[in-house]
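Q: Structure, please.
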Amino acid sequence: MRTSECVVDLGALRHNLHRVRTLRPKASIMAMVKANAYGHGLIPAASALADADALGVAFMEEALQLRAAGIVTPIALLEGVFSPAEMQLAAEHRFHIVIHQEQQLRWLLSANVASLKIWVKVNTGMNRLGFRPEDLLKVWTALKGAPQVGQLGLMTHLACADEMGDGRTQLQLDCFARCQAEVQLQPRVEETSLANSAAILGWPQAQGDWVRPGLMLYGTSPLPAQTAASLGLRPVMSLRAAVMAVQDVKADETVGYGCLWTAHQDQRVALVNFGYGDGYPRTADASTPIAIAGRRYRLAGRVSMDMLAVDIGQDEVALGAPVELWGNNIAADEVASAAATLAYELFCKVTARVPRRYLP
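A: Coordinates of the predicted model:
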């Protein structure tokens, strides 16, 4: 049997949630479990995050999966609803609904529903979803006192919170403050939410009543200048495989498709039973770290669909030796950097043919 697996440490996930609680003790936590909990498994992750105040999903299908699995934690639909029928369905399940455009507002105000928790999203500069600031007062006024609305909140999303020297985050915070003042938001009655993982860690002035941690829950740093370990976070996903062959190569011989890697001496390469068909990034370059039996090595050549090669120099490596592609010894952030991507994408792209194993 092929020995590869994706090990998810639910204890580490709970630890990281507690870390958020420690950092922002006065804020309610909306834990992000969208996109299959960033590839970690929607139901196991949501179950482990039972102490969160709410769970954040992108759309209705994810929320219904949670309810079908018996998850009772409040759930917020971050993209809102996509039809009047979904508005009714959201009301039946008491989902928290984000309203970010005029059509959703009309659906809500014409629906036969009552006392829903509604988040109004304002576009403070990211220019994806949200009402423009100059339109917010009209929207807020329409919702205040409407029978469909039980509790009203104001949220936004920060575009550059991971870049500490970028002045655009402060511009967004200033815009959000003006929006709060314009709608005369009532503290402790009408709530606010601004902070993603990067803002939780790097922008204390951006906390609001609710924080929305995502990446940091899964044990990865959202701040390029700081490691997850330095932030008190534990990796949740470990991607493991094994050495299936060891090849002797002569000086000046190449390895893999495209002949991109050349041996500078007579040496060995180890072949590992994991490739882009399993979700390992094909864009990973020769600086990408890989651990074999606890020792760090580097990728050799282009990642194939079912395997990859590792430069082990003159070392002796046994067949079947354990390989960690990322996890406790190799940070996912390191692999992401070498592959010109983000840890978010690495986690989400681990494919279904890799067995998942959950640690309690």
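
Q: Next, the buried residues of stretch 302-321.
A: Across stretch 302-321, burial judged by 16 or more other Cβ atoms under 10 Å covers 302, 303, 304, 306, 307, 308, 309, 310, 311, 312, 317, 321. (Glycine included, C-beta is placed from N, CA and C.)

Q: just stretch 257-267 next, same as before
A: Within stretch 257-267, the residues that qualify as buried are 261, 263, 267, counting by 16+ other Cβ under 10 Å.

Q: With stretch 119-128 instead?
A: Residues of stretch 119-128 classed as buried under the neighbour-count rule (16+ other Cβ under 10 Å) are 119, 120, 121, 122, 123, 124, 125.

Q: Against which helices or strands is the host helix or strand of the first one packed?
A: Under the assignment given by DSSP states H and E, the secondary-structure element containing residue 119 is strand 116-121. Here strand 116-121 touches strand 96-99, helix 133-143, strand 149-155, going by 3 or more Cβ pairs under 8 Å, 6 or more residues apart in numbering; DSSP states H and E.

Q: Can I get the one helix or strand residue 324 maps to in PDB? Just the C-alpha atoms.
A: Assessed by DSSP H and E, residue 324 sits inside strand 322-326. Taking Å, rounded to 0.1, in the frame of the first residue of the first chain, the C-alpha atoms of strand 322-326 are listed here in PDB:
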ATOM      1  CA  PRO A 322       9.400   8.700   6.600                       C
ATOM      2  CA  VAL A 323       9.000  11.900   4.700                       C
ATOM      3  CA  GLU A 324       7.400  15.200   5.900                       C
ATOM      4  CA  LEU A 325       6.400  17.500   3.200                       C
ATOM      5  CA  TRP A 326       5.100  20.100   5.700                       C
END
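
Q: what does the following helix or strand past it contact?
A: Taking DSSP H and E as the definition, the helix or strand that follows strand 322-326 towards the C-terminus is helix 332-338. Defining contact as Cβ atoms under 8 Å, 6 or more residues apart in numbering, one finds that helix 332-338 is touched by 219-221, 227-228, 235, 237, 281, 284-285, 287-289, 299, 325-326, 342-343, 345-347.

Q: Can I get the helices and strands packed on strand 116-121 in CSV including distance to residue 330?
A: Below are those laid out as CSV (distance: least, Cβ to Cβ, whole Å):
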stretch, distance to residue 330
strand 96-99, 36
helix 133-143, 44
strand 149-155, 35
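
Q: Ranking the ones you listed by mean neighbour count, which comes first?
A: Comparing those on average neighbours per residue, with mean count of other Cβ atoms under 10 Å, the densest one is strand 96-99 at a mean of 24.

Q: for the record, mean pLDDT for it?
A: Within the predicted structure, the mean pLDDT of strand 96-99 is 98.

Q: which strands and helices sit next to that strand?
A: Counting contacts by 3+ Cβ pairs under 8 Å, 6+ apart, the secondary-structure elements packed against strand 96-99 are strand 75-77, helix 102-109, strand 116-121.

Q: Repeat the analysis, applying 6 Å as the threshold.
A: Contact partners of strand 96-99 among helices and strands, from 3 or more Cβ pairs under 6 Å, 6 or more residues apart in numbering; DSSP states H and E: strand 116-121.

Q: Within the helices and strands, which one has residue 243?
A: Element membership for residue 243, per DSSP H and E: strand 237-249.

Q: still on that earlier bit, which stretch among the helices and strands packed on strand 116-121 comes nearest residue 199?
A: The closest approach between residue 199 and any of those, judged by Cβ to Cβ, belongs to strand 149-155 at 12.1 Å.

Q: next structured bit after the closest one?
A: Past strand 149-155, further along toward the C-terminus, the next helix or strand under DSSP H and E is helix 168-182.

Q: Now that next one: buried residues?
A: Judged by neighbour count (16+ other Cβ under 10 Å), helix 168-182 contains these buried residues: 169, 172, 173, 175, 176, 179, 180.

Q: can I see the domain layout of this protein?
A: The record's domain parsing of the chain by automatic domain parsing lists 10-219, 237-359.

Q: circling back: list the ones among the contacts of helix 332-338 that fall in helices.
A: With helices defined by DSSP state H, the entries of these inside them are 343, 345, 346, 347.

Q: List only those of those flagged as buried.
A: 343, 346, 347.

Q: check contacts around the second one.
A: Put plainly, it is residue 346. Listed by Cβ atoms under 6 Å, 6 or more residues apart in numbering, the contact partners of residue 346 are 332, 336.

Q: and what of the one 5 residues further on?
A: Taking Cβ under 6 Å, 6+ apart, we find residue 351 in contact with 278, 279.

Q: For the residue most central in space within the chain, what are phi and psi?
A: When the chain is reduced to its mean C-alpha position, the closest residue under Cα atoms, centre = their mean turns out to be residue 215, at 4.0 Å. Residue 215 adopts backbone torsions of phi -60, psi -40, taken as degrees, to the nearest 10.

Q: That one is in contact with residue 196, isn't it?
A: No. Look at residue 215 against residue 196 with Cβ atoms under 6 Å: they stay out of range, at 8.0 Å.

Q: Pop out the phi and psi values for residue 32.
A: Per degrees, to the nearest 10, the residue geometry at residue 32, taken as phi and psi, is phi -80, psi 120.

Q: does it really touch residue 214, like I thought?
A: Yes. Residue 32 is in contact with residue 214 according to Cβ under 6 Å; the separation is 3.6 Å.

Q: Compare those two (neighbour count), which wins?
A: Higher neighbour count among residue 32 and residue 214: residue 32, with 26 against 22, using other Cβ atoms under 10 Å.
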